[in-house]
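# Quick one: sequence plus predicted model below, questions after.
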Amino acid sequence: MFELNLPNVLTLLRILLVPVLVAALVQEGGGGDTLAAVVFVLASITDALDGWIARRQKSVSTFGKLMDPLADKLLVTAALVSLVSLDRVSAWVAMVIIAREFAVTGLRQLAMEHGEVIPASVWGKIKTVAQVAMVLVLILVENSPAWVDALVWVTVAITVISGADYFFGFRNLIQARQSRRAPH
């Protein structure tokens with residue numbers, strides 16, 4: 001199941017960086033936020049790189065298909081839960097984002113059980129960029145000025161829209177499948 005290749009190693013590295021991120025965020029005293037930001041950026045870069053390298057080297061693996069999205073969700077969820085505990089983001093914001101991640105993951109699993117693959121959509125990619133930017137800003141910016149609040153609201157909106165996009169895409173896949181099976 002596990003192939004030792006660079007994309008899979010990058011995915012594992014991202015998973016291993018999650019506890020480092022949390023420890024840095026909740027660390028009392030100076031330097032924790034800077035370290036957390038560096039770790040979060042590094043982990044986010046591994047996310048961008050692993051898929052690109054896997055496709056370029058034609059080394060897409062079952063492990064990568066399963067663990068890459070899980071690693072992404074672990075990273076964002078851990079960051080959000082830590083930021084909620086630090087009162088840097090509202091719990092409802094974290095819950096909307098985390099719920100969307102679980103719902104889309106479940107939807108993709110359901111599609112796979114029906115022999116369908118739901119690829120990442122443009123909205124999903126925009127959502128990822130918005131969430132990474134939001135988390136990074138929440139780590140680095142103190143006292144949540146108005147523009148940070150605006151970024152949070154925009155990120156939540158994009159997250160919800162991307163989730164809806166996946167659900168409508170799944171519905172369209174099922175309808176297309178049913179119409180192919182219908183007698184003519």
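Structure received.

# Quick check, pLDDT for residue 2.
Note for residue 2: predicted pLDDT of 66.

# and the longest helix anywhere in the chain, what does it pack onto?
Taking DSSP state H as the criterion, the chain has its longest helix at helix 146-181. When contacts are defined as 3 or more Cβ pairs under 8 Å, 6 or more residues apart in numbering; DSSP states H and E, helix 146-181 sits against helix 91-113, helix 122-140. C-beta coordinates here come from the backbone N, C-alpha and C atoms, glycine included.

# Please identify the buried residues of the first one?
This means helix 91-113. Neighbour-count burial for helix 91-113 flags 93, 94, 96, 97, 98, 100, 101, 104, 107, 108, 111 (criterion: 16 or more other Cβ atoms under 10 Å).

# Need those residues in JSON lines (columns: pLDDT and distance to residue 171).
Output for the buried residues of helix 91-113, formatted as JSON lines (pLDDT from 0 to 100; distance: Cβ to Cβ, whole Å):
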{"residue": "93", "pLDDT": "97", "distance to residue 171": "27"}
{"residue": "94", "pLDDT": "98", "distance to residue 171": "27"}
{"residue": "96", "pLDDT": "97", "distance to residue 171": "21"}
{"residue": "97", "pLDDT": "97", "distance to residue 171": "22"}
{"residue": "98", "pLDDT": "96", "distance to residue 171": "23"}
{"residue": "100", "pLDDT": "96", "distance to residue 171": "17"}
{"residue": "101", "pLDDT": "92", "distance to residue 171": "19"}
{"residue": "104", "pLDDT": "91", "distance to residue 171": "14"}
{"residue": "107", "pLDDT": "89", "distance to residue 171": "10"}
{"residue": "108", "pLDDT": "84", "distance to residue 171": "14"}
{"residue": "111", "pLDDT": "82", "distance to residue 171": "11"}
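
# so where is the chain shaky, pLDDT-wise?
With pLDDT under 70 as the threshold, the chain has low-confidence stretches at 1-2, 184.
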